[in-house]
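# kindly generate the corresponding structure for this input.
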Amino acid sequence: MILQKDFLRKALPLAQFFTDGNNVTTESVWACQGLESTVGAAIDSRMVVAGDVFFALDGASTDGHLFIEQALDKGALAIVIKEGKQTYVNTAALQKNLAGKLVIVVADPCQALIDLTRAWRALFTCPVVGITGSIGKTTTKEMVRTLLASAQIPAFVSYKNYNTQLGVCLNLLRADLSVKAIVLEVGINHKGEMDGIAQLLRPTIGLITCIAHSHGEGLGGLPEIAQEKRQLFSYFKAHEVGIVFGDQEFLSDINYAHPISKFGFKTKNQVQARKVKVNYQASGQLTTNFTLKWYGQKADVCLKGNHGGLVHNALAASTIAYFLQIPFEAIVEGLESYQGFENRFEARQLKDGRGLLLSDCYNANPESMRAALLAFEQMPSTGKKVVVIGDMLELGPRELYWHRQVGRVLYKTLSVSAVILVGPRAKVIAKTAPITMEIDTANDWQEACDTLDRMLSGHQALVLVKASGGMKLDKMVAQVTELA
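Presented below is the predicted three-dimensional model:
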């Protein structure tokens, strides 16, 4: 956003603005640092970069006003505080850091963040893409980033997985008005959340990757999840486009009030993958080859990696690319150059030359767990193959049923010789897993580290780590692997 007087006044008409302890009005000469500059926003003082606006939010366990000094030390140009909490900035210790900085006093800093985002979003005329779904949001978004770079289109693509309403705010406010496209990831946990995000983001292109058993506690069954995800399209104008996974009836067999494009593996879709095959290259790398059929054009594509979800995500990203007017040649080039993303089936070297680890512990649900295990089964290894499985969280009342199903999937991964089950839910998997597999249990990631260390007696091991992010198995991955 722009730290500019007229913009701030229009977006926050009831706010009070201060600099050097003095109230500044519309008629005043504003002598603040960074006026007319494009700046970002931060709600965590540890994440502030020079030039940001720091919003002091009331958190569940702490108060953002306690971290104003830290935010200023890191270069915040302005701070947004709550009415009645001016004492936090009227201290001798802060006066030097506040010199020339703008202090914005509002009734609710969180609402101010939303109001500023809404005002900033209204200034953009370029395509705005919202990506949601139960699986593959971040990978699809990162693929789109690669396709945009391949076509040399200046764009703003959201940072990591900041996909909540506040995450959408922080991302949008960092977008520069000069970009030709904005691509943001959108995630929800409870009913009603999507409407608020869609109202704020106002996407002109929306994509739903797929529907799976994820966040069942807050969203319900598959039909309810699909209905909530479809709210991404709630504020579409008649010409704006929704993109859905056409192989799922919850998404495809719906009457929409706006144009719909479909991707998938069936011939009814506008964007399709045909002749999908995993190949083992002479270099030792596994690749996935397929024929991409894209609005009357087709080409052979070779993706790095063998995870089944890669093709699905490539189709989703390619469909978005069509509506961003990315040339087909740039799409093929971009897909083939895509390198993957942190903790999404990410290959890392185990310490002491003990082999290779696949980190897929960003998140997990029954569908993504199955896909990861089957992809792992395809990978050759001269050493021991070990799977570390942690709890799949937020599955609702049928969570134990879905964990037992994972045990049945393990019958299709008979090259795996050992399994470590981490957490109380994952331990249920032992009841349905093959009796031929060596099975150990652990209460947390620290215990899992010790158990894995005992299992890896030799070299050239191949290890898969898969769990919901809340199990913190990424800490285990960091401890047992070499730094890149």
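# show me what the helix or strand hosting Asp115 is in contact with.
Asp115 belongs to helix 109-121 when assigned by DSSP states H and E. Helix 109-121 is contacted from outside by 1, 7-8, 10-12, 15, 41, 43, 55-58, 64, 80-82, 104, 106, 128, 165-166, 168-169, 172-173, 175, 200-202, using CB atoms under 8 Å, 6 or more residues apart in numbering. Heads up, the C-betas are built off the backbone N, CA and C, glycines and all.
# tell me which residues of that helix come out buried.
Buried residues in helix 109-121, counted by 16 or more other CB atoms under 10 Å: Pro109, Cys110, Ala112, Leu113, Ile114, Asp115, Leu116, Thr117, Arg118, Ala119, Trp120, Arg121.
# including distance to Arg230 and pLDDT, could these go into TSV?
Supplementary listing: these in TSV, determined by distance: CB to CB, whole Å; pLDDT from 0 to 100:
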residue	distance to Arg230	pLDDT
Pro109	32	97
Cys110	27	96
Ala112	30	98
Leu113	26	97
Ile114	23	97
Asp115	26	98
Leu116	28	97
Thr117	23	97
Arg118	22	97
Ala119	27	97
Trp120	26	97
Arg121	21	98
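# show me just the buried residues among the contacts of helix 109-121.
Applying the neighbour count, that is 16+ other CB under 10 Å, the buried entries in the contacts of helix 109-121 are 1, 7-8, 11-12, 15, 41, 43, 55-57, 64, 80-82, 104, 106, 128, 165-166, 168-169, 172-173, 175, 200-202.
# select from those every entry located in helices.
Phe7, Leu8, Ala11, Gln165, Leu166, Val168, Cys169, Leu172, Leu200, Leu201 (DSSP state H).
# which ones are touching Leu374?
Neighbours of Leu374 in contact, by CB under 8 Å, 6+ apart: Gly308, Val409, Lys412, Thr413.
# tabulate the ones in helices among the buried ones among the contacts of helix 109-121 in CSV, adding columns for pLDDT.
Compiled in CSV, those are given as follows (pLDDT from 0 to 100):
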residue, pLDDT
Phe7, 92
Leu8, 93
Ala11, 96
Gln165, 94
Leu166, 94
Val168, 95
Cys169, 96
Leu172, 96
Leu200, 96
Leu201, 97
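# what's the closest of these to Glu193?
Of all these, the one sitting nearest Glu193 is Gln165; the distance, using CB to CB, is 7.0 Å.
# give me the element the nearest residue to the closest one once chain neighbours are set aside is part of.
The spatially closest residue to Gln165, leaving aside those adjacent along the chain, is Ile197, at 5.2 Å (CB to CB, 6 or more residues apart in numbering). Applying DSSP H and E as the criterion places Ile197 in helix 193-201.
# list buried residues within the contacts of Leu374.
Of the members of the contacts of Leu374, the ones counted as buried by neighbours, 16+ other CB under 10 Å, are Gly308, Val409, Thr413.
# from those, pick the one nearest Val386.
Nearest to Val386 out of the buried ones among the contacts of Leu374 is Thr413 (CB to CB; 11.2 Å).
# so the helix holding Asp115 versus helix 193-201, what angle?
Counting by axes from the mean of the first three to the mean of the last three CA atoms, to 10 degrees, helix 109-121 points 50 degrees away from the direction of helix 193-201.
# make CSV out of the buried residues of helix 109-121 and add distance to Asn269.
Putting the buried residues of helix 109-121 into CSV (distance: CB to CB, whole Å) gives the following:
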residue, distance to Asn269
Pro109, 45
Cys110, 41
Ala112, 43
Leu113, 39
Ile114, 36
Asp115, 40
Leu116, 39
Thr117, 34
Arg118, 35
Ala119, 38
Trp120, 35
Arg121, 31
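# for Leu421, state which of the residues you listed is nearest.
Within the set of the buried residues of helix 109-121, Cys110 lies nearest Leu421; the separation is 39.6 Å, counting by CB to CB.
# picking up where we left off before, okay, angle between the helix holding Asp115 and helix 165-172 too, please.
What separates the directions of helix 109-121 and helix 165-172 is an angle of 40 degrees, with the same axes, to 10 degrees.
# distance from the chain centre to helix 109-121, please.
Between the mean C-alpha location of helix 109-121 and the chain-wide mean there is a distance of 21 Å, by CA atoms, centre = their mean, to the nearest Å.
# please apply the same query to stretch 277-297.
Shown here is stretch 277-297, whose average C-alpha point lies 25 Å from the average C-alpha point of the whole chain (CA atoms, centre = their mean).
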